[in-house]
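Q: after the sequence you'll find the predicted model.
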Amino acid sequence: MAEKKTKKLKSAASDDIVKVAAIQMASSPSVAANLVEAKRLIEMAAKAGAKLVVLPEYFCIMGLKDFDKVTIREKPNDGPIQHFLSKTAKAYKIWIVAGSVPLESNYANKVRNSCLVYNDKGEQVARYDKIHLFGLDMGTEHYHEENTIEPGDTVVTVDTPFGRIGLSICYDLRFPELFRAMGEVDMIVVPSAFTETTGKAHWETLVRARAVENLSYVIASAQGGYHLSGRETHGNSMIVDPWGVVLDRLPRGSGIVVANVNRNYIKNLRQSLPALKHKTIKAIS
């Protein structure tokens with residue numbers, strides 16, 4: 001009897017630890033080529049034991065022009081990109097957080113930049129539309145996402161077998177109030193395409209800050225390299241634990257980062273440092 005009880009306890013403990021992966025890409029204007037590369041990296045992550053895999057923002061297209069993503073936008077729950085994600089999640093029996101997919105918006109010349117979540121049966125179980133739209137005018141770099149993206153307005157979390165996950169995309173990382181609004185989550189995902197200019201200055205600082213202030217793991221998957229449009233993205237995909245420790249990172253190029261998420265560690269930290277329960281200032285609209 002004692003032996004059986006011990007085995008049961010070990011099994012329960014192992015359920016609180018899951019291996020996760022962040023994928024880094026240097027996507028091109030070719031959707032077909034990007035999906036081939038995404039599948040290769042997802043397979044690599046699955047073989048490494050990851051049960052949850054996060055793709056970067058615009059994994060399916062980094063166009064020559066901003067408007068290119070509008071030309072390949074899909075209807076919700078329909079289209080080759082979404083079919084690929086569903087089929088791949090089911091085939092490898094993993095959960096996939098699909099960085100961002102351009103979906104139809106209320107405007108013919110814009111998209112919703114949407115982070116989609118698929119379970120291990122290939123079912124789409126959550127969707128988050130990017131709220132904060134990037135804008136930069138610095139030297140020769142000019143970015144105005146509002147020209148081609150309709151922003152979302154809803155904070156989204158999703159319950160999974162591995163814990164509660166808060167969804168965000170790239171520029172959202174600069175707005176801590178978004179993550180506070182998620183409540184207590186076990187993981188935060190930040191699929192991104194940070195520019196090299198802003199990334200080298202702020203990326204790691206922001207990712208680690210979001211982990212520390214929310215006592216949560218952060219899975220930050222990024223575009224990393226040179227793109228045919230001439231754009232350079234920062235890369236440095238990483239997985240950070242709730243204490244702000246970088247568990248794994250990939251500076252540049254295509255590949256994966258892998259780490260364990262330990263929910264007991266989160267629980268113990270929040271008991272030792274109950275900062276989330278000490279909040280006294282409410283958000284001011």
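A: Arrived safely.

Q: if you count neighbours, what's buried in stretch 135-143?
A: By neighbour count with 16 or more other CB atoms under 10 Å, stretch 135-143 contains the buried residues residue 143. All C-beta spots, glycine's among them, are computed from the backbone N, C-alpha and C.

Q: please read the previous query as pertaining to stretch 245-263.
A: If you call a residue buried by 16+ other CB under 10 Å, then stretch 245-263 has these buried ones: 246-250, 252, 254-263.

Q: for those residues, which one is nearest residue 168?
A: Nearest to residue 168 among these is residue 261, at 16.8 Å by CB to CB.

Q: quick one: strands adjacent to the host helix or strand of that closest one?
A: Using DSSP states H and E, residue 261 falls within strand 255-262. Applying DSSP bridges to the sheet, strand 255-262 is found paired with strand 17-24 (antiparallel).

Q: what residues are up against residue 53?
A: 20, 21, 22, 23, 42, 45, 46, 94, 95, 96, 97 (CB atoms under 8 Å, 6 or more residues apart in numbering).

Q: so it: helix, strand or coil?
A: strand (DSSP: H, G, I helix; E, B strand; the rest coil).

Q: and for residue 205?
A: Under the three-state scheme (three-state DSSP), residue 205 adopts helix.

Q: give me the pLDDT value at it.
A: The model reports residue 205 with a pLDDT of 98.

Q: near it, how many other residues are there?
A: 10 (other CB atoms under 10 Å).

Q: what separation do you get for it and residue 212?
A: 11 Å (CB to CB, to the nearest Å).

Q: now residue 218
A: Between residue 218 and residue 212 the computed distance is 9 Å (CB to CB).

Q: okay, the two: which has more neighbours?
A: residue 218 (28 against 18).

Q: who does the more buried one bridge with?
A: With DSSP bridges as the rule, residue 218 is bridged to residue 188, residue 240.

Q: who touches it in this structure?
A: Residue 218 makes contact with 187, 188, 189, 190, 207, 208, 210, 211, 238, 239, 240, according to CB under 8 Å, 6+ apart.

Q: tell me the angle the lengthiest strand in the chain makes with strand 17-24.
A: Assignment by DSSP state E gives strand 95-104 as the longest strand of the chain. Orientation check (axes from the mean of the first three to the mean of the last three CA atoms, to 10 degrees): strand 95-104 against strand 17-24 gives 40 degrees.

Q: mind exporting the C-alpha coordinates of strand 95-104 to CSV?
A: What follows is strand 95-104 as a C-alpha-only set of coordinates in CSV (Å, rounded to 0.1, in the frame of the first residue of the first chain):
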residue,chain,number,x,y,z
TRP,A,95,-0.9,22.9,-27.7
ILE,A,96,0.1,25.6,-30.1
VAL,A,97,0.0,29.3,-29.4
ALA,A,98,0.1,30.7,-33.0
GLY,A,99,2.0,34.0,-32.5
SER,A,100,-0.2,36.0,-34.8
VAL,A,101,-2.4,35.3,-37.8
PRO,A,102,-3.9,38.1,-40.0
LEU,A,103,-7.6,37.8,-39.8
GLU,A,104,-10.4,39.8,-41.4
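
Q: model confidence over that strand, on average?
A: On average, strand 95-104 scores 98.

Q: can you give me the angle the helix or strand following that strand makes with strand 95-104?
A: As assigned by DSSP H and E, the chain's next helix or strand after strand 95-104 is strand 111-118. Between strand 111-118 and strand 95-104, the angle comes out at 160 degrees (the same axes, to 10 degrees).

Q: strand 111-118 packs against which elements?
A: helix 80-92, strand 95-104, strand 124-129, strand 163-167 (3 or more CB pairs under 8 Å, 6 or more residues apart in numbering; DSSP states H and E).

Q: so the shortest one versus strand 255-262, what angle?
A: Going back to what we said before, that points to strand 163-167. On the basis of the same axes, to 10 degrees, strand 163-167 is oriented at 140 degrees to strand 255-262.

Q: which residues sit against strand 163-167?
A: 97, 115, 117, 126, 128, 155-159, 179, 182-189, 216, 261, 263, 266.

Q: noted, bye for now.
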